[in-house]
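# Provide a 3D model corresponding to the input given below.
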Amino acid sequence: MNITVHLPTTKEGWQMLNERMAEIHSEFIINQINNLPCSYEEKLEILEGVKKRVEEEGV
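Just a heads-up that it's a prediction; the model follows:
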């Protein structure tokens, strides 16, 4: 199977792609946390931990 990927050719296009990828990634993380079998407070703690790690590592 061959797959053709059309990547952006402009700086603005790359920025839009990166922003969309970050949005999808964050939605995935939030959904995964929401599906955990723990309390709302524990989920908030997990989310804060993820945010802290991202800030520290600059991911």
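# check which element follows the helix or strand that contains Ile33 along the chain.
Assigning secondary structure by DSSP states H and E places Ile33 in helix 11-34. Per DSSP H and E, the first helix or strand lying C-terminal to helix 11-34 is helix 40-57.
# gap between the residue nearest to Val50 when sequence neighbours are not counted and Glu48?
The shortest distance from Val50 to any non-neighbouring residue, by CB to CB, 6 or more residues apart in numbering, is to Ile29 (6.2 Å). Placement of C-beta: from N, CA and C, glycine included. Separation of Ile29 from Glu48 (CB to CB, to the nearest Å): 12 Å.
# go on, Gly58?
Gly58 is 17 Å from Glu48, by CB to CB.
# the more surrounded of those two?
Glu48 (10 against 5; other CB atoms under 10 Å).
# wait, what's in contact with Glu56?
Contact criterion CB atoms under 8 Å, 6 or more residues apart in numbering gives no residues in contact with Glu56.
# look up how far Ile3 lies from it.
35 Å.
# pLDDT wise, what is the most centrally placed residue in the chain at?
By CA atoms, centre = their mean, the chain has its centre lying nearest to His25, at 2.3 Å. For His25, the pLDDT comes out at 94.
# how about Glu19?
96.
# check Thr9 too.
On the pLDDT scale, Thr9 gets 96.
# how about Lys51?
Reported pLDDT for Lys51: 92.
# ok, it to Ile29 distance?
Relative to Ile29, and taking CB to CB, Lys51 is found at 10 Å.
# who's more crowded, these two?
Ile29 (15 against 12).
# now do the residue nearest to Val50 against Gly49, distance only.
11 Å.
# please apply the same query to Glu27.
18 Å.
# go on, Glu41?
13 Å.
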